[in-house]
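> My questions concern the predicted model and sequence given below.
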Amino acid sequence: MAKGKAKPLSELLRVPDEGIDLSGVDAAATPQAPGGKSETKEDLAKQAPVLADLQERLFAHGRSGGRHSLLLVLQGLDSSGKGGTVEHVVGEVDPQGVKITAFKAPTPEERRRGFLWRIRRALPGPGMLGVFDRSHYEDVVTVRVRGLAPRSVWSRRYDAIDRFEQDLASGGMAIVKCYLHISRAEFVERQLARLDDATKHWKYNPGDLDVYGLWDDYLGAYDDALARTNTDHAPWYVIPADRKWYRNWAVTKLLIERFEQMALEWPKASFDVEAERARVKALQ
């Protein structure tokens with residue numbers, strides 16, 4: 001087969017318009033990876049400075065009066081690697097230009113308000129890369145699976161989320177939504193790894209095992225959520241996440257592609273560069 005230009009990874013990993021059946025997605029797949037583990041990690045090391053440069057452009061854009069920002073939404077079952085993605089992907093960029101929010105169960109005050117209230121308060125400002133470790137999607141997935149609200153409540157939230165994200169995009173925010181997809185077997189292995197390492201016991205939560213018994217319910221809820229809120233202004237990507245090295249590489253590539261679509265240039269100087277050069281040289 002003749003070689004052609006590779007498709008953007010965003011095209012390969014995006015949820016199809018007709019929806020998706022996560023139970024049929026291979027969580028150990030490595031679409032478009034440059035090779036195996038070692039080759040992909042080598043390529044990731046090359047991509048990290050590219051991501052850092054693009055993020056710095058966004059930060060400079062915001063500091064110069066621009067309105068654009070980027071929001072990375074990370075969803076997935078327990079142990080799918082949301083925290084690891086933040087560490088190994090977002091950790092490669094300048095932290096002063098990043099706002100990370102890890103959403104836990106809502107507080108009593110948050111419950112008294114609309115489900116998007118706390119989300120709005122955590123949004124990144126102009127020039128910032130925002131990261132949501134869990135997000136407003138818990139309010140249509142976990143709430144549904146755990147029976148925390150009736151169907152008449154959570155089913156209306158799909159449309160509210162669509163309107164919310166459309167408003168964000170219209171205001172200059174790029175949105176990248178990643179579902180980190182792991183297999184049952186990998187879930188078990190990661191739980192055992194935490195128990196086998198005393199330095200990881202703090203990460204182990206006995207309650208996380210409840211997810212295993214509700215696995216199919218969660219996948220079904222995510223099938224619906226991804227299909228109902230997969231739009232051009234806020235697309236969903238499914239990241240096969242059994243292989244951590246592929247997960248990190250894929251999310252990095254998706255961010256790079258989205259940043260490049262934003263086509264941000266370095267802000268032009270608001271002063272006479274040569275005149276300022278002369279002033280500085282005069283200090284020598």
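That came in fine, so what should we check first? Numbers count the residues shown, from 1 in each chain.
> residue boundaries of the helices in the stretch 51-200 of the chain?
Counting by DSSP state H, counting those that start in this stretch, one finds helices in the stretch 51-200 of the chain at the ranges 82-88, 108-111, 117-121, 142-145, 151-154, 157-170, 184-196.
> where among those helices is the average confidence lowest?
Mean pLDDT is lowest for helix 108-111 out of the helices of the stretch 51-200 of the chain, coming in at a mean of 90.
> Make sure Leu254 is actually in contact with Val176.
Yes. Counting by Cβ atoms under 8 Å, Leu254 touches Val176, with 5.8 Å between them. (Glycine included, C-beta is placed from N, CA and C.)
> any residues in contact with both of these two?
Overlap of the contact sets of Leu254 and Val176 (by Cβ atoms under 8 Å, 6 or more residues apart in numbering) consists of Tyr237.
> phi, psi of Tyr218?
With angles defined as degrees, to the nearest 10, Tyr218 shows backbone torsions of phi -70, psi -40.
> Low-confidence regions, the protein specifically.
For the chain, residues meeting the criterion pLDDT under 70 lie at 1-4.
> Just grab the bridge partners of Trp236 for me.
Listed by DSSP bridges, the beta-bridge partners for Trp236 are Lys177.
> now it: how far from Glu186?
When distances are taken as Cβ to Cβ, to the nearest Å, Trp236 and Glu186 turn out to be 21 Å apart.
> ok, now Arg163?
Spatial separation of Arg163 from Glu186 under the definition Cβ to Cβ is 35 Å.
> Looking at those two now, which is surrounded by more residues?
Glu186 (19 against 11; other Cβ atoms under 10 Å).
> Relative to Glu274, how far out is that one?
When distance is defined by Cβ to Cβ, Glu186 is 58 Å away from Glu274.
> how deep is the closest residue to Leu123 other than its chain neighbours tucked in, by neighbour count?
With Cβ to Cβ, 6 or more residues apart in numbering as the measure, Gly130 is the residue that lies nearest to Leu123, at 6.2 Å, once sequence neighbours are left out. By other Cβ under 10 Å, the residues close to Gly130 number 19.
> cool, and Asp223?
Using other Cβ under 10 Å, Asp223 has 16 neighbouring residues.
> Skipping adjacent residues, who's closest to it in space?
For Asp223, ignoring the flanking residues on the chain, the nearest one in space by Cβ to Cβ, 6+ apart is Leu22 at 5.7 Å.
> Could you list which residues are in contact with that neighbour?
Contacts were defined as Cβ under 8 Å, 6+ apart; by that measure Leu22 touches 179, 181, 219, 222-223, 226, 238.
> can you redo those as JSON lines with distance to Arg194 and secondary structure?
Below are these laid out as JSON lines (distance: Cβ to Cβ, whole Å; DSSP: H, G, I helix; E, B strand; the rest coil):
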{"residue": "Tyr179", "distance to Arg194": "22", "secondary structure": "strand"}
{"residue": "His181", "distance to Arg194": "20", "secondary structure": "strand"}
{"residue": "Leu219", "distance to Arg194": "23", "secondary structure": "helix"}
{"residue": "Tyr222", "distance to Arg194": "23", "secondary structure": "helix"}
{"residue": "Asp223", "distance to Arg194": "28", "secondary structure": "helix"}
{"residue": "Leu226", "distance to Arg194": "28", "secondary structure": "helix"}
{"residue": "Val238", "distance to Arg194": "25", "secondary structure": "strand"}
